[in-house]
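Trainee: Need the 3D shape of this:
(one chain, ligands or ions: 1)
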Amino acid sequence: MDNVAATLAIRLRLRERTLPYGALWRRQGEYAGGGFCDGCGERITSAQASYAVDFTPGVTPESGRFHRVCFEIWQGECQTPLQS
Ligand SMILES: [Zn+2]
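Mentor: Next up is the predicted model:
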């Protein structure tokens, strides 16, 4: 997986507000695999560590799934002010 591509995808989603900016409520690690990452948009395989997260109530979307790497990128991006 390409971290630069994932970072750009996550920034785009933050800008389009398809990913919340911060608003992490709870996080659960899992290795279930299946589904797509809400960060980079790529499939999560059972070999990849991933997180199932719930966002703060009232935030849209309510929950998401990330590759572990993408989750960390997302958290990092949330520390940075959004660029217009
Ligand atoms: Zn991802």
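Trainee: Pretty sure I44 sits against Y51.
Mentor: No: using CB atoms under 8 Å, I44 is not in contact with Y51, being 9.8 Å away. Every C-beta, even on glycine, is put in place using the N, C-alpha and C of the backbone.
Trainee: Buried residues in the lowest-mean-pLDDT helix or strand in the chain, which are they?
Mentor: Using mean pLDDT, DSSP states H and E, the weakest-scoring helix or strand in the chain turns out to be strand 24-30, at a mean of 90. Of the residues in strand 24-30, L24 count as buried by neighbour count, 16 or more other CB atoms under 10 Å.
Trainee: helix or strand right after it?
Mentor: strand 50-55 (DSSP states H and E).
Trainee: What pairs with that next one, parallel or antiparallel?
Mentor: strand 24-30 (antiparallel), strand 63-67 (antiparallel) (DSSP bridges).
Trainee: Can you tell me which residues in this protein are near the ion?
Mentor: 37, 39-40, 67, 70 (CB under 5 Å from the ion).
Trainee: For those, which entry has the maximal number of neighbours?
Mentor: Among these, C70 has the most neighbours (other CB atoms under 10 Å), with 28 neighbours.
Trainee: before we move on, back to that, is it possible to export the residues of the chain next to the ion to TSV including pLDDT and distance to R13?
Mentor: Shown next, in TSV, are the residues of the chain next to the ion (pLDDT from 0 to 100; distance: CB to CB, whole Å):
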residue	pLDDT	distance to R13
C37	96	11
G39	97	7
C40	96	9
H67	95	14
C70	96	10
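Trainee: I'd like these as a markdown table, with distance to F55 appended.
Mentor: A markdown table is the format used below for these (distance: CB to CB, whole Å):
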| residue | distance to F55 |
| --- | --- |
| C37 | 15 |
| G39 | 13 |
| C40 | 18 |
| H67 | 17 |
| C70 | 15 |
